[in-house]
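> Predicted model and sequence follow; I will ask about them next.
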Amino acid sequence: MSSRIPVIDLKMFASASELDRARIIAQVREGLEQVGFLMIAGHGVDEALIDRVNDSTLQFFDRPDEEKAQFSSKLPGSRGYSAMRGRTIGIAQNKDLLASLQESYGVGPINVPDEPYFKSKAAGANFAENIWPDAPADFTPAVRAYYIEMERVYRTIMQMFAVALDLPKTYFDDKIDRHNSVLRLTHYPALDKEPVKGEERAGAHTDIGALTILHIDDTPDALQVQLRSGEWINVNRVPGAFVINIGDMMMRWTNDKWVSNTHRVANPPFVNGRSARRLSIVYFCQTNYDTVVECLPNCTAPGIPARYPPIVAGEYSAMRAAMRYGYDLAKVDKAG
Ligand SMILES: O=C(O)CCC(=O)C(=O)O
Ligand SMILES: [Fe+2]
């Protein structure tokens, strides 16, 4: 585990004295300016809930391919099952990549209110209905509960980010209160054949949203991040902590003060011709689709002008998601 990624305790931050708070904020800034990653402890998510999500997700992925395929969506995007080699992570950065050695299951906002905001044309597919598998029985309740917990952790982290950016603590609250974040349960199956050139579990990429909250398993040296110097470091699990990394939208919002760094999932070692599997619970935090992302108040200074024009979050994300997964944007639009 790299000491360059600070471990931040959210509970301690909430109750810290002014002096301790300043120390924690300094670590947050350092981590996000240098690496773009933090470890988040003291998040309050019950370990038993995380175990339920892990267990039921693995049980789902253990089902035969034909059964899993019944829970895939005809539309591009982020609902339901996506098969092994169904998407190519990193294709926007490297055209030579082959389809990724992963399968996944996407879940979007749940308990969506029956209001025009969520149904309008501008909302697009952001609030599309979820697809739930018929088994295992605990999958749906566990994943729903986890999604709701992630919404809370997301809000808390954004409040800490606001403080770290010298903004009022609640600055981001009304920019993310109708978010369209996506939980993607991501399984990297065991392999019985060495990958060929271009086959990766997840090719080098940056995330596109505000931030990503990751629960990774104990597989060592799988998730790797590239530092500004070009050096790759491993991001290994810290028990009880989530890994978070900021995405391109937050980098843009901070006028590049915070870095959305390139990361990848390395292919596994082989023992007797076989490799182990790996499971990640990945929560991609998105803002409200109508949030205007423009240089934050404290991210310019004399000599440091705003680098990017304002952009509407929903339009930016749709374009970037299409690039990320190798979709044709025209087809995405048609699929609506
Ligand atoms: O599985 C992981 O550790 C990271 C996955 C990732 O970076 C992604 O899906 O964007
Ligand atoms: Fe990623």
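Ah, there it is. Ligands and ions are numbered 1, 2, ... in the order given.
> Next up, the contacts around the residue nearest to residue 117 when sequence neighbours are not counted.
Nearest non-adjacent residue to residue 117, counting by Cβ to Cβ, 6 or more residues apart in numbering: residue 178, 6.1 Å away. Bear in mind the C-beta positions are built from the backbone N, C-alpha and C, glycine included. The neighbours of residue 178, taking Cβ atoms under 8 Å, 6 or more residues apart in numbering as the test, are 117, 118, 288, 289.
> can you check residue 158 too?
172, 173, 176, 210.
> List buried members of those by neighbour count.
Neighbour counting with 16 or more other Cβ atoms under 10 Å marks 172, 176, 210 as buried within those.
> Pick the one among these closest to residue 112.
Of all the buried ones among the contacts of residue 158, residue 112 sits closest to residue 176, with 15.2 Å by Cβ to Cβ.
> hang on, the earlier thing: just put the contacts of residue 178 in TSV and tack on pLDDT, secondary structure and neighbour count.
Formatted as TSV, those follow (pLDDT from 0 to 100; DSSP: H, G, I helix; E, B strand; the rest coil; neighbours: other Cβ atoms under 10 Å):
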residue	pLDDT	secondary structure	neighbour count
117	98	helix	14
118	97	helix	15
288	98	strand	18
289	97	coil	23
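> wait, residue 126 sits on residue 108?
Yes: applying Cβ atoms under 8 Å, one finds residue 126 in contact with residue 108, separated by 7.1 Å.
> Of all pairs in the contacts of residue 178, which one is the farthest apart?
The widest separation within the contacts of residue 178 (Cβ to Cβ) is 10.6 Å, between 118 and 288.
> What's the local residue count around the residue in the stretch 101-250 of the chain that ligand 1 sits nearest to?
Using Cβ to the nearest ligand atom, residue 223 is the residue of the stretch 101-250 of the chain that sits closest to ligand 1, at 3.8 Å. Under the neighbour criterion other Cβ atoms under 10 Å, residue 223 is assigned a count of 24.
> ok, it - contacts?
The neighbours of residue 223, taking Cβ under 8 Å, 6+ apart as the test, are 214, 216, 234, 235, 236, 243, 263, 264, 265, 266, 280.
> Beta-bridge partners for it, please?
residue 265 (DSSP bridges).
> got any ranges where this protein has weak pLDDT?
Scanning the chain for pLDDT under 70 picks out 1-2, 76-77, 324-336.
> Figure out the helix or strand that residue 57 lives in.
Assigned by DSSP states H and E, residue 57 belongs to helix 47-61.
> other SSEs contacting that helix?
In terms of contacts (3 or more Cβ pairs under 8 Å, 6 or more residues apart in numbering; DSSP states H and E), helix 47-61 is packed against strand 103-107, helix 139-164, strand 182-188, strand 278-285.
> wait, which of the ones you listed is closest to residue 55?
Residue 55 lies closest to helix 139-164 among the helices and strands packed on helix 47-61, at 8.2 Å (Cβ to Cβ).
> buried stuff in that closest one?
The neighbour-count check on helix 139-164 (16+ other Cβ under 10 Å) flags 139-140, 142-147, 149-151, 153-164 as buried.
> Repeat that for stretch 4-13.
Buried residues in stretch 4-13, counted by 16+ other Cβ under 10 Å: 5, 6, 7, 8, 9, 10, 13.
> check contacts around the residue of the chain found nearest ligand 1.
Nearest to ligand 1, among the residues of the chain, is residue 280, at 3.3 Å (Cβ to the nearest ligand atom). By Cβ under 8 Å, 6+ apart, the residues touching residue 280 are 185, 186, 188, 214, 215, 216, 217, 223, 265.
> Helix, strand or coil: sort out the fifth one for me.
Going back to what we said before, that points to residue 215. The three-state assignment at residue 215 reads strand, by DSSP: H, G, I helix; E, B strand; the rest coil.
> What residues are bridge-paired with it?
Note on residue 215: beta-bridge partners by DSSP bridges are residue 281.
> you'd agree it is up against residue 281?
Yes: with contact defined as Cβ under 8 Å, residue 215 reaches residue 281; the gap is 4.1 Å.
> quick one: common contacting residues for the two?
By the contact definition Cβ under 8 Å, 6+ apart, residue 215 and residue 281 are jointly contacted by residue 50.
> what is in contact with residue 126 and residue 108 at once?
In contact with both residue 126 and residue 108: residue 180, using Cβ under 8 Å, 6+ apart.
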